[in-house]
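1. quick check, what structure comes out for this input:
(2 chains)
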There are 2 protein chains.
Amino acid sequence: MFKVGFFQFAPRFGQVKENLSSVLHALAHTEADLVVLPELPFTGYLFENRTELEDLAESPTASATLDALSELCARGDFFLVTGFAEKAEGRIFNSSALVGPTGVLHVYRKLHLFNKEKEYFDPGDTSLQVQEIRGVKIGMMVCFDWAFPEVSRVLALQGADVICHPSNLVLTFCQETMRARCIENGLYAVTCNRYGTERRPRGELAFTGQSQVVGPKGEVMIRAASDQNELAVVEIDPEKARDKSITERNDLLSDRRPEFYRALVASSCKT
Amino acid sequence: MFKVGFFQFAPRFGQVKENLSSVLHALAHTEADLVVLPELPFTGYLFENRTELEDLAESPTASATLDALSELCARGDFFLVTGFAEKAEGRIFNSSALVGPTGVLHVYRKLHLFNKEKEYFDPGDTSLQVQEIRGVKIGMMVCFDWAFPEVSRVLALQGADVICHPSNLVLTFCQETMRARCIENGLYAVTCNRYGTERRPRGELAFTGQSQVVGPKGEVMIRAASDQNELAVVEIDPEKARDKSITERNDLLSDRRPEFYRALVASSCKT
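-> Numbering: from 1, shown residues only, chains lettered A, B, ... in the order given. This is a model prediction of the structure:
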């Protein structure tokens, strides 16, 4: 068995050390194998411009924040998936890192940027990949990626048992749609959403909380409130994500008919 | 504006004329532009073997049933999407027909067969296509196709405004998942499900009713009860299915990143 969870909180914009301190404190004694944090939980979300983001973004190979998280993982013997603002050779990505006791194991760069993120982040350029920890295959996606069924499907086809989904949600559709993602792919999904409001000169955003863990039949195993810190951990059975049968003659993945799906990649598929 | 609806009823196995009569009676005075019927609403569903199915299946070019429906459409000046058992050169498909006043306009053959259907139907071999009637683009899928997000996505990429979805549902996941299909593709979906029970020597199946029309934001516009005949019609605005924007910078279809989705067609895409 494998214990997954999330830590939902309300980061304060630009207060990286304070936000990190909140996480370190909350997770000092977790019994989880894997905990998911929100999207951009250290920098905050509502940047005024690219320059402000550049000042807060970090390279994963030189990040005091990610180093501190890795030390946390080492002390507690667990893994984290966290959003972070990634600086990489002049570009800045809205990324997610899989962090463990030995450091950063993998970085995914958000493929589908939401609204004003398009003004100050670069679009992701990393392929969708799964990573194995403790025998469990982990896929990562970030926030608005939920709206694109292709993302979780590609991860499922690689054998993902659990999709980790750091989020800063402002729309209301995601949580229920993630149940469909789990049903159609027969896997677990951990959506960690922030809550609270960011007020900046450029605008205001309210985030919707309700972080959740959903199982392979679309069952909501845990769902947080919309307005408070919550650390939740639940035991999952990865074997249930490997059994894709839904009748004795049907399998969610092998029943696919890819030859009829070519339009999905028309612009990049030479057939 | 455009009026869509469904006629949910409980076909009796093998009683083709009786089932047809129910439909002709129910739709004698509809004001809809387009009405969706269940999957296999004339033959019934729970075939004992291929021979029994062969005796009941019809060619769309020589079908007394589809001819009668076309005459119904001509009298009422509307269109129908109906499931039917299609005989074609020695093969039998679980198909859906778009029928209008002038006859059968298009046939779609179910790509994803459910459970014992695999024993007596041939897997569909038709591409997913949309058809335009009265300026509205119609896509068709059948029952278990709902579990494959690729189906509705391919139809959406062709500009489908409304997905017509004849069904004989026995699982409970479909109706809520169809809301996700509408949200992720920004279109309407009409799921017409049968209700009632079929008892045959080989087994028994209970169908779940709850036919529905869902809008582009996932809103349930109508949902039927689980255990009674219902003819429902609702006005939709196809323009709402053509506006795929969800923020001023986001579009559900043009934000896709197909170059990262190649795994979806890996076996048939030479890249």
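2. return the residues in contact with the residue nearest in space to the middle of chain A.
-> The centre of chain A sits closest to A:H165, judged by C-alpha atoms, centre = their mean, with a distance of 2.4 Å. Going by C-beta atoms under 8 Å, 6 or more residues apart in numbering or on different chains, A:H165 touches A:36, A:140-143, A:145-146, A:178, A:189-192. Glycine gets a C-beta too; all of them are placed from N, C-alpha and C.
3. look up which helix or strand the spatially closest residue to it that is not a sequence neighbour falls in, please.
-> Excluding its sequence neighbours, the residue lying closest to A:H165 (C-beta to C-beta, 6 or more residues apart in numbering or on different chains) is A:T191, at 4.3 Å. According to DSSP states H and E, A:T191 maps onto strand A:188-193.
4. that strand pairs with which strands, parallel or anti?
-> strand A:162-167 (parallel), strand A:212-214 (antiparallel) (DSSP bridges).
5. for the ones you listed, which one sits closest to B:T82?
-> B:T82 lies closest to strand A:212-214 among the strands paired with strand A:188-193, at 35.1 Å (C-beta to C-beta).
6. what does the stretch 151-271 of chain A put close to chain B?
-> A:153-154, A:157-158, A:171, A:173, A:176-177, A:179-181, A:183-184, A:217-218, A:246-250, A:252, A:255-271 (C-beta under 8 Å from any C-beta of the partner chain).
7. sorry, back to before: tell me how far the residue nearest to the centre of chain A lies from chain B.
-> For A:H165, the distance to chain B (C-beta to the nearest C-beta, to the nearest Å) stands at 15 Å.
8. for A:E184, give its distance to B:R242.
-> Distance, A:E184 to B:R242, by C-beta to C-beta, to the nearest Å: 25 Å.
9. compare these two (neighbour count), which wins?
-> Comparing A:E184 with B:R242 by neighbour count (other C-beta atoms under 10 Å in any protein chain shown), the higher total belongs to A:E184, at 24 against 13.
10. which element, helix or strand, includes that one?
-> helix A:174-185.
11. not counting its own residues, what contacts that helix?
-> A:146-147, A:149, A:152-153, A:155-156, A:160, A:163, A:165, A:167, A:169, A:188-189, A:191, A:193, A:210, A:212, A:214-218, A:220, A:223, A:252-253, B:147-149, B:173, B:176-177, B:179-181, B:183-184, B:218.
12. distance from the chain centre to stretch A:15-22, please.
-> 19 Å (C-alpha atoms, centre = their mean, to the nearest Å).
13. to clarify, my last question referred to stretch A:88-95.
-> The answer for stretch A:88-95 is 17 Å, by C-alpha atoms, centre = their mean.
14. do the same with stretch A:109-122
-> So, by C-alpha atoms, centre = their mean, the centroid of stretch A:109-122 is 15 Å from its chain's centroid.
15. can you pull out the helices in the stretch 51-200 of chain A?
-> Taking DSSP state H, counting those that start in this stretch as the criterion, the stretch 51-200 of chain A carries its helices at A:64-76, A:117-120, A:149-157, A:174-185.
16. out of those helices, flag the one nearest B:A68.
-> Of these, nearest to B:A68 by C-beta to C-beta is helix A:174-185, at 36.8 Å.
17. buried residues in that closest one?
-> A:174-185 (16 or more other C-beta atoms under 10 Å in any protein chain shown).
18. report the mean confidence score over it.
-> Averaged over helix A:174-185, pLDDT sits at 97.
19. and that helix with helix B:149-157, angle?
-> If you take axes from the mean of the first three to the mean of the last three C-alpha atoms, to 10 degrees, helix A:174-185 sits at 120 degrees to helix B:149-157.
20. filter the residues of the stretch 151-271 of chain A next to chain B down to the buried ones, PyMOL style.
-> Typed into PyMOL, the line below selects the buried ones among those, using 16+ other C-beta under 10 Å:
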select buried, chain A and resi 153+154+157+171+173+176+177+179+180+181+183+184+218+246+250+252+255+256+257+258+260+261+262+263+264+265+269
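21. the residues of the stretch 151-271 of chain A next to chain B in strands, which ones?
-> Of those, the ones assigned to strands by DSSP state E are A:246-247, A:250.
22. from the opening residue of stretch A:244-261 to its closing one, how far?
-> 20 Å (C-alpha to C-alpha, to the nearest Å).
23. gap between that stretch and the chain center?
-> The chain centroid and the centroid of stretch A:244-261 are separated by 26 Å under C-alpha atoms, centre = their mean.
24. contacts for that stretch?
-> By C-beta under 8 Å, 6+ apart, stretch A:244-261 touches A:156-157, A:184-186, B:111-112, B:114-116, B:118-119, B:123-124, B:127-128, B:144, B:147-148, B:150, B:154, B:171, B:264-269.
25. rerun that using 6 Å as the cut-off
-> If you take C-beta atoms under 6 Å, 6 or more residues apart in numbering or on different chains as the criterion, stretch A:244-261 is touched by A:186, B:111-112, B:115, B:118, B:150, B:264-265, B:267-268.
26. and what of stretch A:194-201?
-> A:10, A:13, A:38, A:45-46, A:168, A:205-207, A:209, A:227.
27. I'd say A:H112 and A:V142 touch.
-> No - assessed by C-beta atoms under 6 Å, A:H112 is found out of contact with A:V142, at 8.3 Å.
28. circling back: now intersect the contacts of stretch A:194-201 with the strands, please.
-> A:205-207.
29. can you tell me which of the residues you listed is nearest chain B?
-> A:L205 (11.8 Å; C-beta to the nearest C-beta).
30. how about the nearest residue to that closest one, chain neighbours excluded?
-> That would be A:E198: by C-beta to C-beta, 6+ apart, it lies 5.1 Å from A:L205.
31. likewise A:Q15?
-> Closest to A:Q15 by C-beta to C-beta, 6+ apart is A:G44, at 7.4 Å.
32. next one: that neighbour from chain B, what distance?
-> 19 Å.
33. what does A:I92 give?
-> Using C-beta to the nearest C-beta, A:I92 is found at 17 Å from chain B.
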